[in-house]
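Student: give me a 3D structure for the following:
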Amino acid sequence: MGTTNFLDWKIREAKRKKRKLFCVFLTCGFPDLAATERLILSAEQAGVDILELGFPFSDPLADGPTIQYASEQVLKRSLSIADAFALVRRVRRKGSRIPIVFFGYLNPVYAYGEKEFARDAREAGLDGLIVPDMPPEEELAFQKECRKNKLRLVYLVAPTTTDERAKGLVQRSQGFVYYVSLRGVTGVRSGIPKDLEERLKKLKRMTDKPVLVGFGVSAPGQARVIAEMSDGVIVGSAVIEHLKQGVGPAERFIEKMAKAVHGS
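Tutor: Numbering: from 1, shown residues only. Next up is the predicted model:
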């Protein structure tokens with residue numbers, strides 16, 4: 001990979017254009033690798049700003065039933081991290097410049113080797129990592145490898161996070177801050193938490209990094225409202241639900257959501 005970190009570049013561009021960020025989560029390999037590849041490329045064309053590539057894991061911390069279902073289907077076929085990296089290399093060779101952030105857990109990273117993981121992830125064309133079971137105080141050697149390879153580490157802040165803890169997390173988060181809008185796991189929800197706006201205002205006073213809201217965003221109207229009070233929206237489970245019906249329905253849903261977030 002070249003020296004450009006597409007996540008850094010996209011965030012600078014969004015700030016300059018005062019544009020909201022739309023991030024889509026895909027489970028790598030669901031329903032198969034060809035579908036994931038097609039969706040990454042079509043999502044970029046549809047105006048998606050950031051792609052979160054979820055690596056299936058047997059004991060997830062934050063995944064609700066929909067993402068767990070997708071992961072289970074992939075785990076039956078023994079997808080490897082090397083397969084995920086090869087997929088990213090393929091889309092980069094096709095000219096894709098969408099920022100790709102790897103969403104996964106520490107166990108597969110340990111199995112691969114921390115030093116090797118950071119090196120190979122960056123060489124494949126990944127721009128950042130979200131590792132929900134890695135607190136910023138832990139795995140300092142791995143964090144150092146990520147910094148060395150210009151891989152950005154994005155941290156999550158939850159509604160239950162204390163203000164003091166949130167300050168430390170937003171300070172250490174790179175690229176953007178991932179705000180978990182729900183108490184609980186990922187999944188499609190119809191409402192918007194009552195305290196969301198107030199909590200976002202508090203977070204935005206702590207940092208000038210973009211704060212993106214994920215967990216539970218499932219419809220264009222909801223995405224539009226959340227985008228107005230935040231710097232962007234992350235959608236995962238709702239995309240997987242549409243993907244169960246086929247790649248076409250998922251693509252049409254992503255396009256609608258991108259328009260809603262960008263206010264068009």
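
Student: any weak-confidence spans in the chain?
Tutor: Counting by pLDDT under 70, the low-confidence segments of the chain come to 1-2, 60-64, 182-191.

Student: what count of nearby residues applies to A82?
Tutor: Counted with other Cβ atoms under 10 Å, residues neighbouring A82 total 11. For every residue, glycine as well, the C-beta is placed using N, CA and C.

Student: so which elements touch the strand or helix carrying it?
Tutor: Under DSSP states H and E, the secondary-structure element containing A82 is helix 81-93. Under the contact criterion of 3 or more Cβ pairs under 8 Å, 6 or more residues apart in numbering; DSSP states H and E, helix 81-93 touches helix 33-45, strand 50-54, strand 100-103, helix 106-112, helix 114-124.

Student: neighbouring strands - and their directions - for the third one?
Tutor: When pairs are called by DSSP bridges, strand 100-103 turns out to pair with strand 50-54 (parallel), strand 128-130 (parallel).

Student: what angle sits between the helix or strand just after the shortest one and helix 114-124?
Tutor: If you walk from strand 128-130 toward the C-terminus, the next helix or strand you reach (DSSP H and E) is helix 140-148. Between the direction of helix 140-148 and that of helix 114-124, the angle (axes from the mean of the first three to the mean of the last three Cα atoms, to 10 degrees) works out to 20 degrees.

Student: hmm, who's touching whatever helix or strand comes next after helix 140-148?
Tutor: Tracing the chain past helix 140-148, the next element assigned as helix or strand by DSSP H and E is strand 152-153. When contacts are taken as Cβ atoms under 8 Å, 6 or more residues apart in numbering, the neighbours of strand 152-153 outside the stretch itself are 5, 7-8, 101, 127-131, 136, 143, 146, 172-175.

Student: list the buried ones in stretch 30-41?
Tutor: If you call a residue buried by 16 or more other Cβ atoms under 10 Å, then stretch 30-41 has these buried ones: 30-31, 33, 35-37, 39-41.

Student: may I have that stretch as PDB, with CA atoms only?
Tutor: What follows is stretch 30-41 as a C-alpha-only set of coordinates in PDB (Å, rounded to 0.1, in the frame of the first residue of the first chain):
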ATOM      1  CA  PHE A  30     -21.400 -13.100   4.300                       C
ATOM      2  CA  PRO A  31     -23.100 -14.500   2.300                       C
ATOM      3  CA  ASP A  32     -19.800 -15.200   0.500                       C
ATOM      4  CA  LEU A  33     -16.600 -13.300  -0.300                       C
ATOM      5  CA  ALA A  34     -17.700 -12.400  -3.800                       C
ATOM      6  CA  ALA A  35     -20.800 -10.600  -2.300                       C
ATOM      7  CA  THR A  36     -18.600  -8.800   0.200                       C
ATOM      8  CA  GLU A  37     -16.300  -7.600  -2.600                       C
ATOM      9  CA  ARG A  38     -19.200  -6.500  -4.700                       C
ATOM     10  CA  LEU A  39     -20.800  -4.600  -1.800                       C
ATOM     11  CA  ILE A  40     -17.600  -2.800  -0.900                       C
ATOM     12  CA  LEU A  41     -17.300  -1.500  -4.400                       C
END
